[in-house]
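Participant: I would like to see how this sequence folds:
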Amino acid sequence: MTAQVLVLLGSASDKPVFEKAKTVFDELGIKWEVHVASAHRTPQKVVKLVESSKADVFIGIAGLSAALPGVIAAHTTKPVIGVPVDSKLGGLDALLSAAQLPPGIPVASVGIDRGENAALLAAAMLALKEPELGEKLASYRKKMREKIEADDESAQKW
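Facilitator: Below is the predicted model of the structure:
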């Protein structure tokens with residue numbers, strides 16, 4: 001299987017954040033591949049995975065120093081999305097690491113622990129080439145709107 005999205009986790013403890021992305025990928029029919037590869041502990045593995053991948057979009061999920069998205073971006077010109085993971089420090093350290101990259105090596109960053117938003121952003125990127133994915137994404141958003149409307153109706157009975 002050729003992945004449309006390659007997801008790298010800095011450690012296995014990031015799996016709950018990945019699970020949020022996986023749910024969205026599966027609902028929208030997006031092909032994905034996932035690996036655990038640390039920017040600091042297995043940097044050669046990160047480089048090998050990125051440089052050999054046929055993926056259209058990369059997602060790096062990492063906490064603490066969260067260097068993973070930046071390392072991915074340093075080895076590809078394809079879009080990279082960083083997902084900072086909450087830690088004992090609240091995740092702000094990871095958020096700043098994912099968002100504050102040097103000029104020329106951009107990484108799109110989503111909120112702390114927001115794996116589902118990373119998947120949705122990847123879907124929007126992929127939909128530029130795949131109109132049917134854009135339709136699925138529009139349907140996904142319509143369901144979200146409908147849920148809010150239903151919640152509002154319920155709130156009127158409180």
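Participant: wait, is residue 134 part of a helix?
Facilitator: Yes: counting by DSSP: H, G, I helix; E, B strand; the rest coil, residue 134 is found in a helix.
Participant: mind listing what the closest residue to it other than its chain neighbours touches?
Facilitator: Closest residue in space to residue 134, ignoring its immediate chain neighbours: residue 127 at 3.7 Å, by C-beta to C-beta, 6 or more residues apart in numbering. C-beta here means a position set from N, CA and C on the backbone, and glycine is covered the same way. Contacts for residue 127 (C-beta atoms under 8 Å, 6 or more residues apart in numbering) come out as 133-134, 137.
Participant: Serialize those to TSV and add fields for neighbour count and distance to residue 53.
Facilitator: Below are the contacts of residue 127 laid out as TSV (neighbours: other C-beta atoms under 10 Å; distance: C-beta to C-beta, whole Å):
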residue	neighbour count	distance to residue 53
133	19	19
134	15	23
137	19	23
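Participant: residue 116: which of the residues you listed is nearest?
Facilitator: Proximity of these to residue 116 (C-beta to C-beta) peaks at residue 137, which lies at 12.6 Å.
Participant: so that closest one, which of the three states?
Facilitator: Residue 137 ends up helix, using three-state DSSP.
Participant: what's the answer for residue 14, then?
Facilitator: Using three-state DSSP as the criterion, the local structure at residue 14 reads helix.
Participant: what's near enough to touch it?
Facilitator: Contacts of residue 14 by C-beta under 8 Å, 6+ apart are 36, 61-63, 85.
Participant: how about the strands in the protein?
Facilitator: Taking DSSP state E as the test, the strands found in the chain are 5-9, 32-36, 57-63, 80-85, 108-109.
Participant: let me have those strands in TSV, extended by mean pLDDT, distance to residue 118 and mean neighbour count.
Facilitator: As requested, the strands of the chain are arranged in TSV below (pLDDT from 0 to 100; distance: least, C-beta to C-beta, whole Å; neighbours: other C-beta atoms under 10 Å):
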stretch	mean pLDDT	distance to residue 118	mean neighbour count
strand 5-9	98	8	26
strand 32-36	98	11	17
strand 57-63	97	5	29
strand 80-85	97	5	29
strand 108-109	97	8	22
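Participant: quick one, which of those strands is nearest to residue 116?
Facilitator: That would be strand 80-85 among these, by C-beta to C-beta, at 9.7 Å.
Participant: helices or strands up against the closest one?
Facilitator: Strand 80-85 is packed against helix 15-28, strand 57-63, helix 68-74, helix 92-99, strand 108-109, helix 115-127, with contacts defined by 3 or more C-beta pairs under 8 Å, 6 or more residues apart in numbering; DSSP states H and E.
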